[in-house]
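K.L.:
kindly return the folded structure for what I paste below:
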Amino acid sequence: MCAMPALIDSHGRTKRKLRVSLTDRCNFRCTYCMPEHPAWLPRASLLGRGEILRLAGLFVDAGIDQIRLTGGEPLLRRDLVECVRAIDSLRERGLRRLSMTTNASRIAPVAAALVAAGIDDFNVSLDAVDPAAFRALTKREVAPVLDGIRALADAGAAVKLNAVVVRGGNDTQVVPLLEWAMQQGLPLRFIEYMPLDAPGQWQRGAVVTEAEMLAAIGERHAVEALPRGNDPASPYRVDGHYPLGIISTVSHPFCASCDRLRITATGELFTCLFSAVGTPLGARMRDGAGDDELNTTIRRAVWLKDAGYAAHPGPVDRPITMHAMGG
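P.N.:
Next up, the predicted model:
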């Protein structure tokens, strides 16, 4: 079979990574992610395992070689392990890496099963290690998350921590969280608070910038900037050995090197995290669209991908919020 042309947008960016949301449901209520009273999608509207595999396969055939499973919270998907096994089968078609983003609060019982099914690495959302600060931001307890991180380590999984930093929420936890992660030997990425939550909630003043984080860390640790690659995080080395990343979408957008696409739990393709509208691949598939039609639709959507947040900074006006979009 002849190799298909790569997925390239009109700005010359080749797509290599795909985020696939398995569910919009989440057991956390993070203030930066979802409305206080979220309205969940009807379960019948969510893609089935076979539909997920079909869409993911089309993207892998077009050059996507890294897939990350997201939510909501993927652990709320009842057939999660089976989904992982199905997508893992795409390695014979070109998939190189299969990852998962999770809050880890429910992962302990299935950590080993997920690794065995094919997950190469996990991104765990951990916005604070202080119980009160964690509770204030997520409305949940931190202990189950820490238990989940330990279970992943026991299962031999590669783990990276992600922390969204919100002024007045967990900004005082930047250094304590960094030092805890250093003690555990777990890589950490701080993320600037992005305008992707409930409409009207995000405020520019709540953003703790990359420069502010570095200043706080620099009061206690030596920080060295490393060369920037295609990863969204600016890389740093702390105290000569520890890898730290900072995703600074608001203060230093990385749109020029973006190689990511996203599929929601209902099969909508969002070519940018800040896209106002998606392309309904799931609906077209259920209406009987064949692979050739879906491929044409995908390529057109990718080609028309906007320049990104750097070109249009600020909140995006759309009905879908971050918990339904996927990270």
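
K.L.:
from here on, contacts and neighbour counts on C-alpha atoms
P.N.:
OK.

K.L.:
what about whatever helix or strand V164 lives in, distance to the chain center?
P.N.:
Assessed by DSSP states H and E, V164 sits inside strand 158-165. Mean-position distance between strand 158-165 and its chain equals 10 Å (C-alpha atoms, centre = their mean, to the nearest Å).

K.L.:
so for the helix or strand just after that strand, what gets flagged as buried?
P.N.:
For strand 158-165, the following helix or strand on the C-terminal side (DSSP H and E) is helix 174-184. Neighbour-count burial for helix 174-184 flags 174-175, 177-178, 181-182 (criterion: 16 or more other C-alpha atoms under 10 Å).

K.L.:
what does stretch 223-237 give?
P.N.:
223-224, 232-236.

K.L.:
and the residues you listed, which two are furthest apart?
P.N.:
V223 and P232 (18.6 Å; C-alpha to C-alpha).

K.L.:
okay, stretch 10-30 in CSV with CA atoms only?
P.N.:
Below are the C-alpha coordinates for stretch 10-30, written out as CSV (Å, rounded to 0.1, in the frame of the first residue of the first chain):
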residue,chain,number,x,y,z
SER,A,10,-1.4,26.0,5.1
HIS,A,11,1.2,27.4,7.5
GLY,A,12,3.6,24.6,6.7
ARG,A,13,3.1,22.7,10.0
THR,A,14,3.1,18.9,9.7
LYS,A,15,0.9,17.0,12.2
ARG,A,16,2.3,14.1,14.1
LYS,A,17,0.3,14.0,17.3
LEU,A,18,-3.4,13.3,18.0
ARG,A,19,-5.3,13.8,21.2
VAL,A,20,-8.4,11.5,21.4
SER,A,21,-11.0,12.3,24.1
LEU,A,22,-12.7,9.1,25.4
THR,A,23,-15.3,10.9,27.5
ASP,A,24,-16.4,14.3,28.5
ARG,A,25,-17.1,13.1,32.1
CYS,A,26,-14.8,13.9,34.9
ASN,A,27,-14.9,13.2,38.7
PHE,A,28,-13.0,16.4,39.4
ARG,A,29,-14.3,20.0,39.3
CYS,A,30,-11.1,21.9,38.4
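
K.L.:
report the buried residues of that stretch.
P.N.:
13-26, 28-30.
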